[in-house]
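1. fold the following and give me the result.
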Amino acid sequence: MDNIFEIEMVNENEYAVRADADGSTVESLFRTDPDYLESLGLADADGKRIVEETARFLAEHQPVLDFPPMIDLEDIAAAYEDYPEQLRKRLETT
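-> Presented below is the predicted three-dimensional model:
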């Protein structure tokens with residue numbers, strides 16, 4: 001089942017991501033570092049879309065209930081080697 005994520009910008013480079021999972025609402029704060037995005041060649045990409053695709057990517061690798069309260073994109077890249085490439089592909093196709 002596809003997760004539906006509600007994404008709201010709360011501060012510059014910070015997004016609240018909410019999703020329903022097993023009857024509970026899960027909320028995580030995703031942080032996007034402009035320098036990291038620039039290193040990926042995504043400095044001009046829409047931050048909300050980056051966060052949405054990142055949340056979808058993460059949900060494919062772990063249950064949404066297990067999302068930590070705060071998520072930095074660099075941490076996802078450290079845990080999942082293919083994340084940067086997958087993020088670029090997802091942004092190109094959606």
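
2. please count neighbours and contacts with C-alpha atoms only from this point.
-> Fine.

3. in this protein, where is pLDDT below threshold?
-> 1-2, 94 (pLDDT under 70).

4. centre-most residue in this structure?
-> T54 (2.8 Å; CA atoms, centre = their mean).

5. leaving out sequence neighbours, find the closest residue to that residue.
-> Leaving aside its chain neighbours, T54 sits nearest to L87 (6.8 Å; criterion: CA to CA, 6 or more residues apart in numbering).

6. surely the one you found touches R56?
-> No: L87 is beyond contact range of R56, at 9.9 Å (criterion: CA atoms under 8 Å).

7. quick one: neighbours of L58, just the number.
-> Applying other CA atoms under 10 Å, we find 17 other residues in the vicinity of L58.

8. name the SS class of it, please.
-> Per DSSP: H, G, I helix; E, B strand; the rest coil, the secondary structure class of L58 is helix.

9. the residue nearest to the centre of the chain belongs to a helix?
-> Yes: residue state for T54 (three-state DSSP) corresponds to a helix.

10. ok, it touching Q86?
-> No: the criterion here is CA under 8 Å, and T54 misses it with Q86 at 9.1 Å.

11. tell me the residue furthest from the middle of the chain?
-> G23 (21.4 Å).

12. separation between it and G47?
-> 28 Å (CA to CA, to the nearest Å).
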